[in-house]
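> sequence first, predicted coordinates after that:
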Amino acid sequence: DAGVTQSPTHLIKTRGQHVTLRCSPISGHKSVSWYQQVLGQGPQFIFQYYEKEERGRGNFPDRFSARQFPNYSSELNVNALLLGDSALYLCASSPGAGVAYEQYFGPGTRLTVT
Amino acid sequence: AQSVTQLDSQVPVFEEAPVELRCNYSSSVSVYLFWYVQYPNQGLQLLLKYLSGSTLVESINGFEAEFNKSQTSFHLRKPSVHISDTAEYFCAVSTGTYKYIFGTGTRLKVLA
């Protein structure tokens, strides 16, 4: 079975631009979470979606938004990009919400903002 | 609020030697604890987790971790490491909701 897939793999954007990152969960998984991993740091939680509804949000500005589609894939959108948004963006899927369900991480999208 | 501290940013160790990666957490409520491993250019993989029950949990590749509530620790240990264990290891905590708090990671370097 295919694991979690993310696209694109790498992306270079200019300050002030907008970016959309995509995630396809493992088949049958209904929950998707997004994390930001800045170089040298651990992942920081951005959003969790379950059954197409936002279940939780981390301490990120409103420039960050996301959605989950009927097929459970997800998009993360970031507006008005700042240099500090440069990071590895990780998507994780799980069969359900809550800690009893293991999260499976994708390889990430490396975003560079210049 | 919860927090996770991994005091060691890098741990070099010779092959077949034992290793301990330290993790301490802070929380005012009950927590669930996790160790994830990240190999170069890959996403994170769950290594082991503590949800309830026995405080000693083991992974299939020889790692183990013990939940110590009084010391608020969840240290990761392996009695004999291999070159293939070279990776970055992240400790994480959750209170059972959607949110996981990760530590800053410990880079394990196994030397031949």
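Thanks, I have the structure now. Only a predicted model underlies this, so the values are computations on that prediction, with no experimental measurement involved.
> so who does the nearest residue to A:Ile26 once chain neighbours are set aside touch?
Ranked by Cβ to Cβ, 6 or more residues apart in numbering or on different chains and with sequence neighbours excluded, the top spatial neighbour of A:Ile26 is A:Ser93, at 5.2 Å. Quick note: C-beta positions are derived from backbone N, CA and C, even for glycine. With Cβ atoms under 8 Å, 6 or more residues apart in numbering or on different chains as the criterion, the residues that contact A:Ser93 are A:4, A:23, A:25-26, A:29, A:31-33, A:72, A:103-104, A:106.
> just the pLDDT at A:Ser93, thanks.
In the predicted model, A:Ser93 carries a pLDDT score of 94.
> over to it: give its phi and psi.
Geometry field for A:Ser93 lists phi and psi as phi -120, psi 150, criterion degrees, to the nearest 10.
> helices of chain A, start to end?
With DSSP state H as the definition, chain A shows no helices.
> for it, what lies in contact range of chain B?
A:4, A:33, A:35, A:40-45, A:48, A:50, A:55-56, A:58, A:90, A:92, A:97-100, A:102-103, A:105-108 (Cβ under 8 Å from any Cβ of the partner chain).
> buried ones only from those, please, as a ChimeraX command.
Here the buried members of the residues of chain A next to chain B are turned into a ChimeraX selection, burial being counted by 16 or more other Cβ atoms under 10 Å in any protein chain shown:
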select /A:4,33,35,42,43,44,45,48,50,55,58,90,92,97,99,103,105,106,107,108
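> quick check: bridge partners of the residue nearest to A:Pro8 when sequence neighbours are not counted?
Among residues not flanking A:Pro8 along the chain, A:Thr109 sits closest, at 6.1 Å (Cβ to Cβ, 6+ apart). Partner residues in beta bridges with A:Thr109, using DSSP bridges, are A:Tyr89.
> would you mind measuring from the residue nearest to A:Ile26 to A:Arg110?
19 Å (Cβ to Cβ, to the nearest Å).
> if anything else comes up later, I'll come back, but that's it for now.
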